[in-house]
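Participant: sequence? don't have it. structure:
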Ligand code: ADP
Ligand code: ADP
Ligand code: ZN
């Protein structure tokens, strides 16, 4: 099964992708995480991406399409994947369609997570993740079970993203409305989209996503 999670920054894409990957044995493909890895590696592409991400804009289609294309071709993706943060523009969606067709992969479902802007800011402000295994947390909404210790791997080191600040969030939201939200119409017209209320608890949203997948792919 191949899925796309669509939604503004902080909507819960990463959180739900992590849970879906565990429940269904799928690979989570987060272009944000992949780009942060290239930034860390200090490559030329990483340097370019870093400046754009710090400003809350979108990295060029060429770069993200290339990264995703290479990743999808790896053997572990054959059993299915969840795209978290890709596509984010209409040209990226067109490129994805082409690469899925070429690899004879089908797109089973596109899930849009709907969350109010005010809540997005609260979610982003408290977000942190494990430095070792990348498990995602929130200061208030999803704290670690034992304070300062990762539930998943036991690590005591955590990171906060440089772009998770109030000013950058506004730019990221505008990029979402301008560049990414047209994808909702694009996938709806293809009969591939279901919208899910992302305002409830992590568990409730997860259950609603399962229902939406059943409707589209079942
Ligand atoms: P995205 O990948 O869409 O940017 P995340 O999955 O990283 O969003 O979620 C943003 C923050 O909000 C994280 O700290 C996460 O723990 C928290 N979060 C995710 N889903 C919910 C939810 N349904 N209710 C409350 N907090 C949530
Ligand atoms: P969030 O989970 O808050 O939506 P991501 O981790 O998905 O954020 O992305 C972080 C940043 O990486 C984005 O603000 C953007 O600059 C860049 N990025 C990630 N995915 C893409 C993409 N598909 N196209 C262009 N830029 C991207
Ligand atoms: Zn961990």
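Facilitator: Received, thanks. Owing to the predicted nature of the structure, the values given are computational and were not obtained by experimental measurement. Ligands and ions are numbered 1, 2, ... in the order given.
Participant: who's in contact with the one residue sitting closest to the centre of the chain?
Facilitator: Central residue check for the chain by Cα atoms, centre = their mean: the C-alpha nearest the mean position is that of residue 84, 2.6 Å away. By Cβ atoms under 8 Å, 6 or more residues apart in numbering, residue 84 lies in contact with 5, 13, 14, 17, 28, 29, 30, 31, 32. From N, CA and C alone the C-beta is placed, and that goes for glycine too.
Participant: now, which of these lie within helices?
Facilitator: Among the contacts of residue 84, DSSP state H puts 13, 14, 17, 31, 32 in helices.
Participant: contacts with ligand 1 among the residues you listed, please.
Facilitator: The residues of those that also fall near ligand 1, by Cβ under 6 Å from any ligand atom, are 13, 14.
Participant: of the ones in helices among the contacts of residue 84, closest to ligand 2?
Facilitator: residue 32 (1.9 Å; Cβ to the nearest ligand atom).
Participant: list of residues touching the longest helix seen in the chain?
Facilitator: Looking across the chain with DSSP H, the single longest helix is helix 202-217. With contacts defined as Cβ under 8 Å, 6+ apart, helix 202-217 is touched by 1, 3, 12, 15-16, 19-20, 23, 108-111, 113, 141-142, 192-198, 200.
Participant: buried subset of the residues you listed?
Facilitator: For the contacts of helix 202-217, a neighbour count by 16 or more other Cβ atoms under 10 Å gives the buried set as 1, 3, 12, 15-16, 19-20, 109-111, 113, 142, 192-196, 198.
Participant: re the thing from before, any chance of TSV for the contacts of residue 84, columns neighbour count?
Facilitator: Listed next are the contacts of residue 84 as TSV, based on neighbours: other Cβ atoms under 10 Å:
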residue	neighbour count
5	27
13	24
14	21
17	26
28	21
29	22
30	20
31	21
32	19
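Participant: let's verify the nearest residue to residue 7 once chain neighbours are set aside: helix, strand, or coil?
Facilitator: Nearest residue to residue 7 in three dimensions, chain neighbours excluded: residue 113, at 3.5 Å (Cβ to Cβ, 6 or more residues apart in numbering). Recorded secondary structure, residue 113: strand (DSSP: H, G, I helix; E, B strand; the rest coil).
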